[in-house]
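J.: fold the following, please.
(one chain, ligands or ions: 1)
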Amino acid sequence: MPIVDNIRAIRWEDNQLCLLDQRLLPQQEIWLQLGDYREVAVAITQMVVRGAPAIGVTAAYAMVLAVQEMRQFSDWQQRLAGAAAEIKAARPTAVNLAWATDRQLTLAQSESAADRAATLLLQAAHALLEQDIADNQQMGRHGAALLPEQGGILTHCNTGSLATGGYGTALGVIRAGISAGKQLQVYADETRPWLQGARLTAWELQKDGIPFHLNVDSAAAYLMQQGLIQAVIVGADRIAANGDAANKIGTYSLAVLAQYHQIPFYVAAPLSTVDFAMPAGEGIIIEERPDSEVRQCASHDVAPEGVKVRNPAFDVTPAALITAIITEKGVARADYLHSLAELCG
Ligand SMILES: CSC[C@H]1O[C@H](OP(=O)(O)O)[C@H](O)[C@@H]1O
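T.: Numbers count the residues shown, from 1 in each chain. Below is the predicted model:
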């Protein structure tokens, strides 16, 4: 069953950045039209758009809006550097945000004429979006080969078209596996507290007609114990040079469970998610998000007022628990320090 994925969360129209408001899915499909880079930074922080590659593409377009505003000033390049800093501050963990922003800033600084820089940055943002989709489809082909001919695949959070420019990373591998004729049954963790699985992954899988069950996060161990899971595949927000991978909170516990049950644990991510300047996972900044996300469920209060909350949005899975890292250039296995670098050529 070939999967034709046409879900998109990011569009550039009439010189504005259009974002599908993922806070409102699946009940409402509302697009925000943004013309100011400051609004885009807020949209990233508030998770209108989320997912490492999607955040990177969004940041690239935010830089287009910034250079269009700054080009009226003689010191436009200095002002653009300030805008870049504001955009990068939107969320700390996903490396794609800083990587894409800095890439645009460097491109702008290589051009003395502001108008020409604005044109170059828009071209680069479009190219990044299209390249991300192509990379995800290539990643899917590499990863599909690792999946069983049939069986249950557990996913966490949302790693589909909504988390990228399109097609997805871990969910893209599942799409590619099913398109190749594999009989896969997806188990999607709801992924408290923001419910990316229950709201976003379920919406994508339903649209694609992919068979799946939604499960509470704490059911993952039971599903493995019952022999229903033949592989776990997740995304990543930042991968250290040694292969330690930061991803949505709850990923680390899945990796420990997978090892205990001798189930392969795969990470799927573009090489732009690998931070070669970060030697190991302990250096990765873990975003702490608002208490209200935990005290509430789907914006309804569930905990008493005033309770103390910890809300780390990510955790780090040690490389030793990762069976393989699937990228657009191929599959890396331990020793990741060398295998990831080799894939970068
Ligand atoms: C394809 S990477 C998606 C990655 O981003 C998610 O985090 P968030 O929804 O908070 O941006 C999660 O870690 C996913 O694995």
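
J.: contacts and neighbour counts: CA atoms only from here.
T.: Fine.

J.: which residues of the stretch 1-150 of the chain lie near the ligand?
T.: Taking CA under 6 Å from any ligand atom as the measure of proximity, the stretch 1-150 of the chain contacts the ligand at 50-53.

J.: so which of those are in strands?
T.: Per DSSP state E, strands hold no members of those.

J.: gap between the residue of the chain positioned farthest from its centre and the ligand?
T.: Here the centre of the chain is the reference, and by CA atoms, centre = their mean the most remote residue is Ser74, at 36.5 Å. If you measure Ser74 against the ligand using CA to the nearest ligand atom, to the nearest Å, the figure is 36 Å.

J.: wait, a strand at that residue?
T.: No. The assignment for Ser74 by DSSP: H, G, I helix; E, B strand; the rest coil gives coil, which leaves it out of any strand.

J.: okay, Leu19: pLDDT?
T.: At Leu19 the predicted local confidence, pLDDT, stands at 98.

J.: for it, which three-state class applies?
T.: strand.

J.: count the neighbours of it for me.
T.: By the measure other CA atoms under 10 Å, the count of residues near Leu19 is 21.

J.: OK, contacts around it?
T.: Residues in contact with Leu19 (CA atoms under 8 Å, 6 or more residues apart in numbering) are 9-11, 31-34, 48-49.

J.: tell me how many other residues crowd whichever residue of the stretch 51-200 of the chain sits closest to the ligand.
T.: Scanning the stretch 51-200 of the chain for proximity to the ligand using CA to the nearest ligand atom identifies Gly51 as nearest, at 3.4 Å. Burial of Gly51, expressed as a neighbour count using other CA under 10 Å, amounts to 28.

J.: what sits against the residue nearest to it when sequence neighbours are not counted?
T.: Nearest residue to Gly51 in three dimensions, chain neighbours excluded: Ala163, at 4.0 Å (CA to CA, 6 or more residues apart in numbering). Taking CA under 8 Å, 6+ apart, we find Ala163 in contact with 49-55.

J.: buried ones only from the residues you listed, please, as a ChimeraX command.
T.: The following ChimeraX command selects only the buried members of those, with burial defined by 16 or more other CA atoms under 10 Å:
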select :49,50,51,52,53,54,55
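
J.: please enumerate the helices of the chain.
T.: The residue ranges that make up the helices of the chain, judged by DSSP state H, are 37-45, 52-70, 76-88, 95-109, 114-144, 170-179, 202-208, 220-225, 251-260, 292-295, 336-344.

J.: looking at those helices, which is buried most?
T.: Here the criterion is mean neighbour count by mean count of other CA atoms under 10 Å, and of these the winner is helix 52-70, at a mean of 28.
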